[in-house]
Structures are given as C-alpha cells and as structure tokens.
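Trainee: Here is the input, now give the coordinates:
(one chain, ligands or ions: 1)
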Amino acid sequence: MNSTLVLQYLLTYSGLILLLVLSGIYLYFQFSFTYWKRKGFSYIKPKFPLGNNNCIGLGAFSYGIETLDWYRQLKERGLKFGGAWNWANPVLVISDPEYVKDILVKDFSYFTDRDFFHNPIDDPKNENLFVVEKDEWRYMRQHLSHTFTSAKMKMMCPGVLKCTEPLLDYMNQCAACGKDIDAKDIMSAYTIDVIGSNIFGLELGTFKAEDSKFREIGREIFRISVMKGVKTIMTRVSEGLARTMGISILPGDITDAFSEIVKDTIDYRINNNIKRQDFMQMVIDLYMETKNSERQFTLNHLIANVIVFFIAGFDTSATTLHFALYELALHQNLQDKAREEIDRILKKYNGDLTYEAVQEMTYIRQILDETLRLYPPLNVVARVAVKPYKLKNTDLWLEKGSRVVIPVIGFQKDPEYFPEPERFDPERFSAENKSIIPSYVYLPFGEGPRICIGMRFGRMQSAIGLIQILKNFKITLSPLTQTPIKPKRGVFIMLPDDRIYIKAEKI
Ligand code: HEM
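Mentor: Numbering: from 1, shown residues only. A predicted model of the protein is given here:
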C-alpha cells in the first residue's frame, strides 16, 4: 500500500481513529483507577482524568497542597494509609507517623529512591543528588555529606553575613522613601548572593543588578509555563516515553549556562593555583582526587550538584524567610520578642554576629521552625519502593516501583499534633514544648538517610538574614498585600497566590 493511499484512509477514517484513541485513553484510566482495589488497599475515589488532583497542576501534580486534602480524608476515615492517583498514576499516601518512620528510616533499604523524573542519557549534567538512585545516590551522598558539617558552617558563617550588607543597603533605601518591598524578591536576591559566594565563590551583586544572570536563572526555573506543564505531564504519563523524547529536568540553556560558569571557575582556579574555602572547592578537590580511581566523581557529577545546590539552596530559604517576615509583620509582639533576644545575645558577643551567637538565638530558631511548619517549602516527601514491601501489621504488599507520598503539610497542619494548626505560634518549638511533639510529624527537611543535605546551611542562611533584618528594621505589612494569604495550587513549592509586600522602618 503506498503512502498516498494510507493518507487517504487516515483522512477518511480520522474521526473514527480519534474516537478509538480517546476511548483507549479513557479505558486505560478506568483500568488504572481499579489499581488499589485490586491490591486490597483502601483508597480515595478518583475522577477522570485528574485522578485525585484537583487542578491540572501543570507545574506539579501531587507535589502540591492537594495532598493536605488527601491526608485529611484518610484521617477522617481512620486510615493510616490509602491509595490515590495523580492522573492515572497510583500513589500510596501515608497518614500515620509509624509508617512514615518505617518508610523513611527503618525500612529505608526498600525506599532508597525519590519519585522525581530524570534522564541520565540525554541530560547527564542534571544527574544530581536529589534525583539519582540506589547505589549512585549512596556514592554521591557519601562524598558530599562532609560539605555541610557544623565545622564547615562555622567557616562559611562570615561569608553569609557579608551577603546581608547589600540586603540592608537596599532595605535602607526603601525605608528612607517608604517604598513597598517585595518580600520574596529581596529574600531571593539575598539567598542567591549567599549561594553564589559560598557555592560558586563568585561575588554576584544580585541586588544591584536587576538583570543579573543568576537572578534571571532563578526566576526562570520557577516560572510556570505551558511548555513546562506539558513536559511534566509527559513525564507523569510515561517516564520511558519522556526519556525517549529526550525530555530533561531543566531547559538546556540553563544547564549550559551553569556548565560554562562551573568550567570557567575550575579553569581559573586551577590555572591560577587559587584555593578557596567554599563548596565549589570541595567538589573540585573531590573531582581531582577521584580522577584516576575506578569510580570517579566526574565533571558531570560536579556540574549537576552545583546546579542542584543552587536551585535547592536559594529558593527554599527565600520562601521560608518571606513567610517569616509576613507572620512577623502580622505579629508585632513576636517581632519585639525576637529583637529583644537579638540585642541581648549580641551584647554578650560585643555586637559580633558570630556562628555561636546565631546558635544561641533560640527564639529566632523557633520562629523559623514554626514558619517551616506552617509553610513547608516542599509540601510532600516522596519515595519509590525499589523492591516488594509488606506494610507492617497488614497482609498488604507494595509492588516494586510503587510510589509513596508523605504529605508533610498534612502532618504539620494536623490539630492532633499541632493544636490550632493555622495559628502562628513559635512557642510550639520552645525547649519544653518541642519534646511533646511526636516523632515523624514535623518533616520540613524530610527524614532518614535522604534527609535534606543542606539543612544546616538552609537554617544558617535563614537565621542570619532574619537576624540582620530584625536588628535594623521594624517590619510591617504593606497595604498591597492581600490577607489572609492563600497557598498557590499546582506549583512545585509552597508559594502564596499573591505576592507579599512589606514596609521597613529603620530602628
Ligand atoms: C529552608 C531550607 C530548606 C528546606 C526546607 C529544604 C527541604 C528539603 C526536603 C524536604 C528535602 C527532601 C528530603 C527527603 O526526601 O527526605 C530536601 C532534599 C535536599 N535538599 Fe534541601 N531544603 C532546604 C535547603 C537546602 C539547601 C540550602 C541545600 C543546598 C545548598 C539543599 C539541598 C538539598 C539536596 C541536594 C537534597 C537531596 C538530598 C538527597 O536526596 O540525598 N537544601 N530538602
């Protein structure tokens, strides 16, 4: 049969073909929706075609706040876990801390992988610690874990503090003319500067350069677009097909821009025999040390992890800080209490904000802990079963490849563990109250061997930013901010629907 004839047939029967394809898709979804019943699990009833997602969620799927609804539905029915669907993809949702412990810690060997699309063949420069699996992850984590020890934090502390200078300069200018300040924008510029100088070893000057390359990359990564949404849908419908189509985690130009920066930095340091006390140096050393060994920390590993430390490092802390400023602007009494602690401890350290002084500011830590409870930047922690797994005290088995969702936001807003959960109350994390919070219900950094590697760094850069702001300014809410804020749906990280604007008054 020649091609003209085939085309003629296709045109004649195109309506029929379309009907068959749509019917096929519909039947496939309906069959998928029987998955948890067939396995003997309780489940939340799905709807065609979104499953249990309640928005198209082009940016994310289950990684949104809809997992809070799932958690509540399971709890209401007295269930410790239950099935749900992201579109046609079944996921097991956990609603009991004992099972969280099993999955993240006790039986970690069954759940070593995170449920996150990656494409090792076409996108090797994004094979980073966040996405790699099994043995590859173990190797990488082992080599990178020493980059964030307390000793390293202490060493990096002065560098982080220096990055608050442009932030304070900018806020001074705004205070002088009463300008409204976009809280997320300034906190992102600050954390980009911090990551830039402590990871890349570059003075980025993000505040002065509105069009700075890093600021633009930062904005681009989290910008929602139809193209990105379509890509996400592809990866969710079929990871294999998405890989065959060469879909990558980040747009190629962003990966290329980072590769260039990394290669230039390595060349500059090696050619000029320059060694700095930063993260980049640690990974360059690792790359050089393992160059001739059987198992290498390759240049691609190096680039991939620099990229992920930039992405994971700046936005999570900026998000936390901007929500903290919002809550403190609403609660002047808490702001005063924080300022009183800052003044008292700084006096003890002769006005120097040293690493030790930051550690002693326990109320600042409480404010950040409570902010991370109410607004966890990552709403869920996800794992994949790498081998069949029997759930404790049941006859139920998870198949190899099953996806598990731990709704961090569900646990952290559960009145059983956090009474009056919508109330911002840093006292929950005071020394005496903290001990009554059950284990595995407070998970802003995840838990177990795959817990956030940058937790100490994230806490430190957030604390230093907040201390410097409160020491110098009284923060109030701008009338431009819509209250109460509502969380944005369908995005990967926790964001408010509208932007948060504040006003700063020099103290
Ligand atoms: C407030 C700040 C931060 C928050 C709330 C946060 C949150 C998280 C969460 C929830 C996870 C998943 C943990 C799990 O699956 O159990 C994670 C993983 C990770 N985070 Fe963070 N993070 C923060 C800061 C940082 C910083 C500053 C860096 C790096 C500079 C970083 C790098 C990473 C990496 C590389 C992983 C993957 C770890 C692995 O799979 O072994 N994060 N983070």
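Trainee: For the stretch 51-200 of the chain, what lies in contact range of the ligand?
Mentor: Arg114, Leu129, Phe130, Arg141 (CB under 6 Å from any ligand atom). (C-beta placed from N, C-alpha, C; glycine too.)
Trainee: So among those, which ones count as buried?
Mentor: Buried members of those, scored by 16 or more other CB atoms under 10 Å, are Arg114, Leu129, Phe130.
Trainee: low-scoring stretches of the protein, by residue?
Mentor: 1, 55-64, 210-211, 224, 490-492 (pLDDT under 70).
Trainee: Name the residue closest to the centre of it, please.
Mentor: Leu378 (4.5 Å; CA atoms, centre = their mean).
Trainee: List the contacts of it.
Mentor: Tyr63, Thr316, Val408, Pro444, Gly446, Ile493, Met494 (CB atoms under 8 Å, 6 or more residues apart in numbering).
Trainee: Which ones among those residues lie within helices?
Mentor: Thr316, Val408 (DSSP state H).
Trainee: As JSON lines, the contacts of Leu378 with distance to Lys503 and neighbour count would be great.
Mentor: Compiled in JSON lines, the contacts of Leu378 are given as follows (distance: CB to CB, whole Å; neighbours: other CB atoms under 10 Å):
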{"residue": "Tyr63", "distance to Lys503": "33", "neighbour count": "23"}
{"residue": "Thr316", "distance to Lys503": "25", "neighbour count": "25"}
{"residue": "Val408", "distance to Lys503": "32", "neighbour count": "28"}
{"residue": "Pro444", "distance to Lys503": "28", "neighbour count": "25"}
{"residue": "Gly446", "distance to Lys503": "35", "neighbour count": "20"}
{"residue": "Ile493", "distance to Lys503": "26", "neighbour count": "18"}
{"residue": "Met494", "distance to Lys503": "23", "neighbour count": "23"}
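Trainee: Which one of the contacts of Leu378 is nearest to Arg219?
Mentor: Ile493 (13.6 Å; CB to CB).
Trainee: now the residue nearest to that closest one when sequence neighbours are not counted, what's its secondary structure?
Mentor: For Ile493, ignoring the flanking residues on the chain, the nearest one in space by CB to CB, 6 or more residues apart in numbering is Pro377 at 5.1 Å. Secondary structure, DSSP: H, G, I helix; E, B strand; the rest coil: Pro377 is coil.
Trainee: Report the contact partners of Pro377.
Mentor: For Pro377, the contacting residues are Asp315, Thr316, Thr319, Thr320, Pro444, Ile493, Met494, by CB under 8 Å, 6+ apart.
Trainee: Now do the one helix or strand Asp267 maps to: which elements does it pack against?
Mentor: Using DSSP states H and E, the element containing Asp267 is helix 252-271. Secondary-structure packing of helix 252-271 (3 or more CB pairs under 8 Å, 6 or more residues apart in numbering; DSSP states H and E): helix 213-222, helix 279-289, helix 299-330.
Trainee: Would you mind finding the most buried of those?
Mentor: helix 299-330 (a mean of 24; mean count of other CB atoms under 10 Å).
Trainee: That one and the ligand in contact?
Mentor: Yes - using CB under 6 Å from any ligand atom, helix 299-330 reaches the ligand at Val308, Phe309, Ala312, Gly313, Thr316, Ser317, Thr320.
Trainee: quick one: contacts for Ile254?
Mentor: Ile217, Glu220, Ile221.
Trainee: Nearest residue to the second one in space, please, no chain neighbours.
Mentor: Right, the one you point to is Glu220. Take Glu220 and drop its neighbours on the chain: the residue closest to it by CB to CB, 6+ apart is Ile254, 6.4 Å away.
Trainee: Distance-wise, check the one you found relative to the ligand.
Mentor: From Ile254 across to the ligand, the span is 17 Å (CB to the nearest ligand atom, to the nearest Å).
Trainee: As JSON lines, the helices and strands packed on helix 252-271 with distance to Leu18 would be great.
Mentor: Putting the helices and strands packed on helix 252-271 into JSON lines (distance: least, CB to CB, whole Å) gives the following:
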{"stretch": "helix 213-222", "distance to Leu18": "36"}
{"stretch": "helix 279-289", "distance to Leu18": "51"}
{"stretch": "helix 299-330", "distance to Leu18": "40"}
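Trainee: Can you say which helix or strand has Gly82 in it?
Mentor: With DSSP H and E as the test, Gly82 turns up in strand 81-86.
Trainee: From the contact counts, what lies against that strand?
Mentor: Partner elements for strand 81-86 (3+ CB pairs under 8 Å, 6+ apart): helix 35-39, helix 66-76, strand 89-94.
Trainee: change it to 6 Å
Mentor: Counting contacts by 3 or more CB pairs under 6 Å, 6 or more residues apart in numbering; DSSP states H and E, strand 81-86 is packed against strand 89-94.
Trainee: So what are the sheet partners of the strand it packs on and their directions?
Mentor: Counting by DSSP bridges, the strands paired with strand 89-94 are strand 81-86 (antiparallel), strand 403-406 (parallel).
Trainee: any idea which helix or strand carries Gly351?
Mentor: Short version, using DSSP H and E: Gly351 is in no helix or strand.
Trainee: So which residues make contact with stretch 322-338?
Mentor: If you take CB atoms under 6 Å, 6 or more residues apart in numbering as the criterion, stretch 322-338 is touched by 183-184, 187, 363, 367, 371, 375, 424, 466, 470, 475-477, 500, 502.
Trainee: Ok, stretch 160-171 next?
Mentor: Tyr190, Asp193, Val194, Phe207, Leu353, Gln461, Ile464, Gln468, Asn472, Phe473, Ala504.
Trainee: got TSV for the residues you listed, with distance to Tyr389 and neighbour count too?
Mentor: Formatted as TSV, those follow (distance: CB to CB, whole Å; neighbours: other CB under 10 Å):
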residue	distance to Tyr389	neighbour count
Tyr190	42	29
Asp193	44	28
Val194	40	30
Phe207	49	22
Leu353	47	22
Gln461	37	31
Ile464	41	23
Gln468	47	21
Asn472	52	19
Phe473	51	23
Ala504	51	27
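Trainee: Contacts only, for Pro438.
Mentor: Pro438 touches Pro97, Tyr417, counting by CB under 6 Å, 6+ apart.
Trainee: where does it fall, helix, sheet strand or coil?
Mentor: coil.
Trainee: Dihedrals phi and psi, it?
Mentor: Main-chain torsions, Pro438, degrees, to the nearest 10: phi -60, psi 160.
Trainee: How about Ile181?
Mentor: Here Ile181 shows phi and psi, under degrees, to the nearest 10, equal to phi -110, psi 130.
Trainee: Wait, it touches Glu505, no?
Mentor: No - with contact defined as CB atoms under 6 Å, Ile181 and Glu505 do not form a contacting pair (11.3 Å).
Trainee: Show me which of these two is the more surrounded one.
Mentor: Using other CB atoms under 10 Å as the criterion, Ile181 and Glu505 rank with Ile181 on top: 23 against 11.
Trainee: thought Lys125 was touching Asn300?
Mentor: Yes - at 5.3 Å, Lys125 counts as touching Asn300 under the criterion of CB under 6 Å.
Trainee: picking up where we left off before, of the contacts of stretch 160-171, just say which sits nearest to Gly229.
Mentor: Nearest to Gly229 among these, counting by CB to CB, is Tyr190 at 29.5 Å.
Trainee: on that earlier part again, in helices, which of the residues of the stretch 51-200 of the chain next to the ligand appear?
Mentor: Using DSSP H, the subset of these located in helices is Arg141.
Trainee: Let me have the residues of the stretch 51-200 of the chain next to the ligand in CSV, adding distance to Leu346 as columns.
Mentor: Formatted as CSV, those follow (distance: CB to CB, whole Å):
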residue, distance to Leu346
Arg114, 40
Leu129, 36
Phe130, 36
Arg141, 37
